[in-house]
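> Quick one: sequence plus predicted model below, questions after.
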Amino acid sequence: MVKFCSLAEALAENLFDGDSVAFEGFTHLIPHAAAHEAIRQGRQELTLIRMTPDLVYDQMVGMGMAKKLIFSYLGNPGVGLLRRCRDAIENCHPRAVEIEEHSHAGMANAYEAGAAGLPLAVFRGYRGAGLTEVNPNIRSVTCPFTGETLAAVPALRPDVTFIHAQKANRKGDVLVEGIVGIQKEAVLAAKRAVVTVEEVVEDFADVHPNCCVLPQWTIRAIAVVPGGAHPSYAHGYYARDNATYLEWDHIAADRESFRAWMKIHVLDAKPEVFASRVGHLRRAA
Amino acid sequence: MSGPGFTPEQMMTVAAARALTSDDVCFVGIGAPSSACNVARLTHAPGITLIYESGTIGAAPKVLPLSIGDGELCETAVTTVSVPEMFRYWLQGGRITVGFLSAAQLDRYGNINTTVIGDYHHPKTRLPGGGGAPEIATSCGEVFITMKQSLRGMVEKIDFFTSFGHGDGGDARAKLGISTKGPTLLVTDLAVWKPDPETKEFMVTSLHPGVTGDAVQATCGWKVKFADRLEETAPPSGLELATLRDLKARSDHD
């Protein structure tokens, strides 16, 4: 039974020290507000799973919350590198982080396998790729029908997945629109799922029957956090804040400027500030 | 700036755009590939289908996206599918004719490194990694690569095989059971390169206007081979240049 509650409560009841957790959103609908709440509540020893760690995991890794990172693209999209993740991997600062690296195809297939209740994903991939030599979780199977060698990776089954979405109805069903990315698979693959939404509407009567809707019984908790994806975006609500992505490259370049930024914008902030961060981006959506 | 009113980077983008046709279904990497693909769409290849790995099929952005998942791509696309569907049905399914990639490090056989500089486990520089590229490189019908030349970027030996090109040359792809063509074109800021039909080593087939063979060699870490019949790349036309400039001007982040 889904529960509508505050973000602080949703996080406290669903994310625990040592969990494997996915804060998903493929460029779009990244649950930044939920991640910031995890940072404020000081979760530790997490295995962080995300196809594109993005700013959100740069911040969590930089705060020393991650013992392991499972990912497929460790960049600031269109800008460059993730400097806090680099500092962790290259210099073990603020702590050493174990990494498990895949390709996008590998991660996407692994989430899908998790959602499908399978132990592994099978696909045509990683041929000639160096990742096969550094990631022992990339293996192969032989097709019993054709003899073709195919890549195999273990299914992803996070303890908990957090996503952002456009809206929930009163019953707690959740609608995801636009670049749906990996949201549905990440929710269905997880043992528990928490969703932040822009708003709650009475019902989905006007929604097209083939839209991506996650039924309320697939979700543990919903928190309403307008702007909760910022600086990522919510299709139909506000545009991606590309200026912030560019600015992050400078903020994260230095350990002190990073800590100072995190104190002001995360540790001393509340989820309500997200609404004010997207005001100037609403018209552009 | 070079003399004739266009930069080497503009020449690179335009030369790369010319390789695409209206019949292509193209998987677009971000950055230089995205510029080239959209110049092609807005000039000689209006029928081209541009696909970004966020799931947007048939995107027609008015501004160049900063990321592969900007809202502009979804709003202009014919359809937007999930990421697993993108990689399973569309890429793995063999529906994409050209993959357009860039590289941090490249070798003479079109093998690409975007993962690490130095040792993987103790890297000197940790780069973003492969994203969609390892499978783009092997599942698209062929692969075009575009990058600026430099001794750091075009190297004798790459530090990590992020995306497989022609391995150590010859029939290396076939030996791995890969039936797609792999890298068939490299466009840099100085020249157009194509693989030797037998060895698969990239050779310079066309120099951009005003560029010498020495200049190409001076910014390439391996001993460069030049085709017997070396051509000169046609300079950007007025339309090509205007299209590229308009596109950049509309994209405030460039």
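Cool, got the structure.
> What are the boundaries of the helices in chain A?
Using DSSP state H, the helices assigned to chain A run over residues A:7-14, A:32-40, A:54-62, A:83-91, A:104-115, A:131-134, A:183-189, A:242-251, A:255-262, A:273-277.
> Would you mind giving the ones you listed as TSV with mean pLDDT added?
Putting the helices of chain A into TSV (pLDDT from 0 to 100) gives the following:
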stretch	mean pLDDT
helix A:7-14	98
helix A:32-40	98
helix A:54-62	98
helix A:83-91	97
helix A:104-115	98
helix A:131-134	98
helix A:183-189	98
helix A:242-251	96
helix A:255-262	98
helix A:273-277	97
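> for chain B, what are the low-confidence residue spans?
Low-confidence regions of chain B, defined by pLDDT under 70, span residues B:1-3, B:252-254.
> can you give me the strands for it?
With DSSP state E applied, chain B shows strands at B:25-28, B:49-52, B:56-57, B:79-80, B:98-101, B:105-106, B:112-113, B:116-118, B:123-126, B:142-146, B:183-187, B:191-195, B:202-207, B:225-232, listed in chain order.
> same for the first one, what does it pack against?
So the one you mean is strand B:25-28. Packing contacts for strand B:25-28, counted by 3 or more Cβ pairs under 8 Å, 6 or more residues apart in numbering or on different chains; DSSP states H and E, involve helix B:32-42, strand B:49-52, strand B:98-101. For every residue, glycine as well, the C-beta is placed using N, CA and C.
> In JSON lines: the strands of chain B, plus mean neighbour count and distance to residue A:179.
What follows is these, written out as JSON lines (neighbours: other Cβ atoms under 10 Å in any protein chain shown; distance: least, Cβ to Cβ, whole Å):
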{"stretch": "strand B:25-28", "mean neighbour count": "24", "distance to residue A:179": "15"}
{"stretch": "strand B:49-52", "mean neighbour count": "26", "distance to residue A:179": "9"}
{"stretch": "strand B:56-57", "mean neighbour count": "25", "distance to residue A:179": "7"}
{"stretch": "strand B:79-80", "mean neighbour count": "16", "distance to residue A:179": "6"}
{"stretch": "strand B:98-101", "mean neighbour count": "27", "distance to residue A:179": "20"}
{"stretch": "strand B:105-106", "mean neighbour count": "26", "distance to residue A:179": "30"}
{"stretch": "strand B:112-113", "mean neighbour count": "25", "distance to residue A:179": "26"}
{"stretch": "strand B:116-118", "mean neighbour count": "18", "distance to residue A:179": "29"}
{"stretch": "strand B:123-126", "mean neighbour count": "16", "distance to residue A:179": "27"}
{"stretch": "strand B:142-146", "mean neighbour count": "24", "distance to residue A:179": "25"}
{"stretch": "strand B:183-187", "mean neighbour count": "24", "distance to residue A:179": "29"}
{"stretch": "strand B:191-195", "mean neighbour count": "23", "distance to residue A:179": "34"}
{"stretch": "strand B:202-207", "mean neighbour count": "21", "distance to residue A:179": "35"}
{"stretch": "strand B:225-232", "mean neighbour count": "11", "distance to residue A:179": "41"}
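> And for the lowest-mean-pLDDT helix or strand in chain A, what's in contact with it?
One helix or strand of chain A scores below all others by mean pLDDT, DSSP states H and E: strand A:80-81, with a mean of 93. Around strand A:80-81, the neighbours that count as contacts under Cβ atoms under 8 Å, 6 or more residues apart in numbering or on different chains are A:74, A:75, A:249, B:125, B:126, B:127, B:128.
> Most neighbours among those, which one is it?
Neighbour counts for the contacts of strand A:80-81 peak at residue A:74, which has 27 neighbours (criterion: other Cβ atoms under 10 Å in any protein chain shown).
> So that one is in contact with residue B:126, correct?
Yes: counting by Cβ atoms under 8 Å, residue A:74 does reach residue B:126; the two are 7.0 Å apart.
> Now do the shared contacts for these two.
A:81, A:85.
> hmm, back to that, any chance of the strands of chain B in CSV, with distance to residue A:51 too?
As requested, the strands of chain B are arranged in CSV below (distance: least, Cβ to Cβ, whole Å):
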stretch, distance to residue A:51
strand B:25-28, 16
strand B:49-52, 14
strand B:56-57, 16
strand B:79-80, 16
strand B:98-101, 18
strand B:105-106, 23
strand B:112-113, 19
strand B:116-118, 19
strand B:123-126, 17
strand B:142-146, 22
strand B:183-187, 25
strand B:191-195, 32
strand B:202-207, 31
strand B:225-232, 39
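> related to what we said a few turns ago, out of the helices and strands packed on strand B:25-28, which comes closest to residue A:140?
When the helices and strands packed on strand B:25-28 are ranked by distance to residue A:140, counting by Cβ to Cβ, first place goes to strand B:98-101 at 22.6 Å.
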